[in-house]
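Engineer: Prediction below, plus the sequence it came from.
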Amino acid sequence: MNDIPTQPRRRGRIRLLLGAAFAAVLAVGVSVMAPNAYAESDRTVSSNTTGTHNGYYFSFWKDSGNASMTLRADGRYSSSWSNSTNNWVGGKGWATGNRRTITYSGSYNPNGNSYLALYGWTRSPLIEYYVVENFGTYNPSSGATRMGSVTTDGSTYDIYRSQRVNQPSIDGTATFYQFWSVRQQKRSSGTITTANHFDAWARAGLNLGTNHSYQIMATEGYQSSGSSDITVREGSGGGTNPTTPTTGPTGNPGGNCTATLSAGEQFGDRFNLNVAVSGTSSWAVSLNLNGGQSIQNSWNASVSGTSGTVTARPNGNGNNFGVTIMANGNWTWPTVTCRTS
């Protein structure tokens, strides 16, 4: 396993400089209205540091060699590293992890051993966790203990646990467990429904700590080279996160029709779901809505019904469609069945 970074606690100076400049303006009696609360210029870091930039928490760590990360607008960062680097990890996200829905996009170009992952820590107990979306030549689950799987956000993730003994951590040298969700279909853009991984880990007996430290969309490299350019943000809206979906092949016993749900945008009173159908181009998908829920909108399919059980059929736009569900206080995802037609 790669060495685990020790996180320093030195804050960046740019916020202090901006604060000093703002104070100077006030001193001469000029009224200022900031047009953008997050308007910090790009900043490149190449030594161990944490802080905030344009409204996002960031972390950068390396043990040696040539690696750097440039902090850009909003949740965007870019990175590059060379083979001279033994181990490095960095990214943008949030100072405190939770069950948020995260959307990310960009490019990821590893040459060798590297991960693109949602990465975080908890305390009580001390746990390091990864939701691995993409990786280079080395599967990070190699050598770990397989604990199960979870299907969410358009793919199955294999769940693993490994242990680090007397290794660097956010609390210095320590012994701790690592929890892993490793996506079977690699990608460099998409949505991560964090709660679905947390819940799947708990069902497998992998319990995170009660005190969450940071949570970032990270690039990591180990004795390799590469680059990345990633933008991360939290799903919009203020509603409760939808609960773990029911996904996979249902209906038509012995057939090959499969409908898989994944999370879309979330709002204060409604949420989007994406549905991917495989195994046939002639299908009927039934969504069994929960109490109080109704369909507000749909796309790329012909959908009949608005409450209870609604049925979607192809309309010439392929095998992927979506719906907007009014929650009415019920954020549980519907069950889904698929049959050939």
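Structural biologist: Yep, that arrived. Numbering: from 1, shown residues only.

Engineer: Going by C-alpha atoms from here, please, whenever you check contacts or count neighbours.
Structural biologist: Will do.

Engineer: Please, where are all the helices along the stretch 101-250 of the chain?
Structural biologist: Assigned by DSSP state H, counting those that start in this stretch, the stretch 101-250 of the chain shows helices spanning 194-203.

Engineer: what ranges of it fall below the confidence cut-off?
Structural biologist: Applying pLDDT under 70 to the stretch 101-250 of the chain flags residues 236-250.

Engineer: Next, the contact list for S282, please.
Structural biologist: Applying Cα atoms under 8 Å, 6 or more residues apart in numbering to S282 gives the contacts R313, P314, T340, S341.

Engineer: Hmm, S302 and the first one touching each other?
Structural biologist: What that stands for is R313. Yes. In this structure R313 lies within contact range of S302 using Cα atoms under 8 Å: 5.2 Å.

Engineer: more neighbours, these two?
Structural biologist: R313 (19 against 15; other Cα atoms under 10 Å).

Engineer: Relative to Q167, how far out is the more buried one?
Structural biologist: The span separating R313 from Q167 equals 54 Å under the rule Cα to Cα, to the nearest Å.

Engineer: just G316 next, same as before
Structural biologist: Going from G316 to Q167 by Cα to Cα gives 55 Å.

Engineer: more crowded one of those two?
Structural biologist: Q167 (15 against 10).

Engineer: So which residue is smack in the middle of the chain?
Structural biologist: Residue closest to the mean C-alpha point of the chain, counted by Cα atoms, centre = their mean, is I192 at 3.8 Å.

Engineer: Next, the contact list for it, please.
Structural biologist: For I192, the contacting residues are T101, I102, T103, D153, A263, by Cα under 8 Å, 6+ apart.

Engineer: want to throw those into CSV with neighbour count and distance to K62?
Structural biologist: Shown next, in CSV, are those (neighbours: other Cα atoms under 10 Å; distance: Cα to Cα, whole Å):
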residue, neighbour count, distance to K62
T101, 21, 28
I102, 21, 25
T103, 20, 26
D153, 24, 31
A263, 25, 34
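
Engineer: Reformat these into JSON lines and put distance to K92 next to each item.
Structural biologist: JSON lines is the format used below for these (distance: Cα to Cα, whole Å):
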{"residue": "T101", "distance to K92": "15"}
{"residue": "I102", "distance to K92": "12"}
{"residue": "T103", "distance to K92": "12"}
{"residue": "D153", "distance to K92": "21"}
{"residue": "A263", "distance to K92": "21"}
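
Engineer: Can you flag which of the residues you listed belong to strands?
Structural biologist: If you go by DSSP state E, the contacts of I192 have T101, I102, T103, A263 in strands.

Engineer: Setting aside sequence neighbours, what's the nearest residue to the first one?
Structural biologist: Pointing back at T101 there. Excluding its sequence neighbours, the residue lying closest to T101 (Cα to Cα, 6 or more residues apart in numbering) is T193, at 4.6 Å.

Engineer: now V132
Structural biologist: Once flanking residues are discounted, V132 sits nearest to A117: 4.2 Å by Cα to Cα, 6+ apart.

Engineer: The one you found bridge partners, please.
Structural biologist: V132, A218 (DSSP bridges).

Engineer: gap between it and T44?
Structural biologist: Using Cα to Cα, A117 is found at 21 Å from T44.

Engineer: More neighbours: the two, which one.
Structural biologist: Neighbours of A117 and T44, each counted by other Cα under 10 Å, are more numerous for A117; the result is 24 against 14.

Engineer: Thought P140 was touching the more buried one, still the case?
Structural biologist: No. With contacts counted by Cα under 8 Å, A117 stays clear of P140, the gap being 10.7 Å.

Engineer: so for stretch 322-333, what's the average pLDDT?
Structural biologist: Averaging pLDDT along stretch 322-333 yields 86.

Engineer: Tell me where the stretch 151-300 of the chain has strands.
Structural biologist: 155-167, 174-183, 190-193, 211-234, 258-266, 270-278, 283-288, 294-299 (DSSP state E, counting those that start in this stretch).

Engineer: what helices or strands is the second one leaning on?
Structural biologist: If you count contacts as 3 or more Cα pairs under 8 Å, 6 or more residues apart in numbering; DSSP states H and E, strand 174-183 packs onto strand 127-135, strand 155-167.

Engineer: so can I have a markdown table of those showing distance to S307?
Structural biologist: Shown next, in a markdown table, are the helices and strands packed on strand 174-183 (distance: least, Cα to Cα, whole Å):
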| stretch | distance to S307 |
| --- | --- |
| strand 127-135 | 34 |
| strand 155-167 | 27 |
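
Engineer: Out of these, which is the most enclosed?
Structural biologist: Most buried of these, by mean neighbour count (mean count of other Cα atoms under 10 Å): strand 127-135, with a mean of 23.

Engineer: before we move on, back to that, which one of the ones in strands among the contacts of I192 is nearest N274?
Structural biologist: Nearest to N274 among these is A263, at 6.2 Å by Cα to Cα.
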